[in-house]
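Novice: here is my input, please return the structure:
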Amino acid sequence: MRLREEDMLAPLRSGNLRRFLSTYRWEVWFFLGVPVIVGAVRQLVRWLVHFDSSTWYHGSDLAIGALGLALLAAAFPLVLRRGRQLLVLLWGFELVTQGTSIALKGFDLTRGEPPAGVQLFTIHTVGDLHYFSTVSAWVGVLALVWFARQASRISTAHAFLFVGLSFATSSFSLQPFVFESSSGYVDLFAAIYLISAIAVNILALWAMVHLESKRMAFPVTATVGLFGMAIGKSLFGVYALFPVLAASYGYRLLEQLFEDWGVISMAMLGHALQFGLYNLLPLPLIYLVRVRRRAPVVSAPAYRES
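Specialist: Here you go, the predicted structure:
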C-alpha cells in the first residue's frame, strides 16, 4: 500500500475531525500533544532565561523532561483503560526510557558531571572527537527489545513496527542547533530539523490510526517509512553541521575542515555506529526472541471516511 496524501488528510477533508480526535485522542496526545508542550516550554526557557552555570542549564533541561514524563504518566491509567495493546506498550516504553534517562542524568549532576546518563566507556578518535556509551542508552536498548517482544505477540511485523514507532521524538524543539551565531542559515537548518522531527511523529500517528485497516494487512509500509525518515533525521544533524558552521563562521572554517577529511569521516562514522548500536542492533535480537504464539489483538479501530 502506498502512503497517500488523502489518507493523511481524510479526517480534515471529511469534516470528521471531532470524531477523529475522540477516537484517537491518546495517539494524538502521545505523538503531537506532549512533544509540542515540552518543546515549547524548553524553547521558551532557552530564549528567556539566562543561566549562570551549566549545572543550572542542564538541571532545567531535566526538569522540563520530567514535565513531559509527568504528562505521560498522568494519562497512562486512562490509556490502559482503553486497552489498545500497541499504544500501551509504546507508552510504557516511553515511561521506562525517559524515567531512567532523567534519573541517571540527575545522578550525574549530583556528582558534578555532565548529564550523560552514567558513562560506561569512551571511544576516542582523531583530534578531540570521542563517543561514549552510557547506562541510560543500554537500558533503552534492553527496554526496546523487551517491549518489541511483547508486541510480537500480535505479529512479528508489529514488533518491527514498534521499533519504528519508537523513533518518534518526545519534544519538538530547535535544541540540536543552538549556536552562538546570528546567521540565518542556522535558523534554516534548525527549522528543517524540526520539520523532519514533526514529520516522523505524524507518520507514526498515521501508522497507529491505519494499523488495522484492511488496506494495510501488514504494517510494512509504515515500518519502512519510519525507519527511512528516522535515519534521515538522525544523519541530518551530522551532515548539516558542517555547512551550518561554515555559513556561521565563514569560508576559513570550511577550508580548515576539508583539509582533514579524517576528522569529518570519523565524525560521520562515529554517529553512524552509535545509531546502529542503539537502533539497528536490536532488530536481529528482537527477531530471535519474538513470541511465535499470537495473542488476540486489541487496538484502535481503523479510520474510515464517512
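Novice: near the nearest residue to residue 82 once chain neighbours are set aside, how many other residues are there?
Specialist: Using CB to CB, 6 or more residues apart in numbering and skipping the chain neighbours, the partner closest in space to residue 82 is residue 26 (6.5 Å). The way it works is simple: take the backbone N, C-alpha and C, and place the C-beta from them, glycine included. A count of nearby residues for residue 26, using other CB atoms under 10 Å, gives 20.
Novice: again with residue 110
Specialist: 9.
Novice: could you measure from it over to residue 132?
Specialist: 19 Å (CB to CB, to the nearest Å).
Novice: cool, residue 40 as well?
Specialist: For residue 40 relative to residue 132 (CB to CB), the value is 30 Å.
Novice: show me the contacts for residue 75.
Specialist: By CB atoms under 8 Å, 6 or more residues apart in numbering, residue 75 lies in contact with 26, 29.
Novice: do the same with residue 119
Specialist: 113, 132-135.
Novice: show me which of those residues are buried.
Specialist: 133-135 (16 or more other CB atoms under 10 Å).
Novice: can you redo those residues as JSON lines with pLDDT and secondary structure?
Specialist: Shown next, in JSON lines, are the buried ones among the contacts of residue 119 (pLDDT from 0 to 100; DSSP: H, G, I helix; E, B strand; the rest coil):
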{"residue": "133", "pLDDT": "80", "secondary structure": "strand"}
{"residue": "134", "pLDDT": "86", "secondary structure": "strand"}
{"residue": "135", "pLDDT": "91", "secondary structure": "helix"}
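Novice: which one of those is nearest residue 209?
Specialist: Set against residue 209, the nearest of the buried ones among the contacts of residue 119 by CB to CB is residue 134 (34.3 Å).
Novice: isn't there a strand covering residue 169?
Specialist: No. The assignment for residue 169, made by DSSP: H, G, I helix; E, B strand; the rest coil, is coil rather than a strand.
Novice: which helix or strand contains the closest residue to it other than its chain neighbours?
Specialist: Once flanking residues are discounted, residue 169 sits nearest to residue 197: 4.7 Å by CB to CB, 6+ apart. Element membership of residue 197 [criterion: DSSP states H and E] is helix 184-209.
Novice: that helix - contacts with which helices or strands?
Specialist: With contacts taken as 3 or more CB pairs under 8 Å, 6 or more residues apart in numbering; DSSP states H and E, helix 184-209 sits against helix 5-13, helix 25-28, helix 156-165, helix 220-239, helix 241-249.
Novice: mind doing that once more with 7 Å?
Specialist: helix 25-28, helix 156-165, helix 220-239, helix 241-249 (3 or more CB pairs under 7 Å, 6 or more residues apart in numbering; DSSP states H and E).
Novice: looking at those, which has the lowest confidence?
Specialist: Per-stretch averages of pLDDT across these put helix 241-249 at the bottom, with a mean of 53.
Novice: local confidence estimate at the residue nearest to residue 169?
Specialist: 84.
Novice: buried ones in the helix or strand where residue 35 lies?
Specialist: Using DSSP H and E, the element containing residue 35 is helix 34-48. Neighbour-count burial for helix 34-48 flags 34-39, 41-43, 46 (criterion: 16+ other CB under 10 Å).
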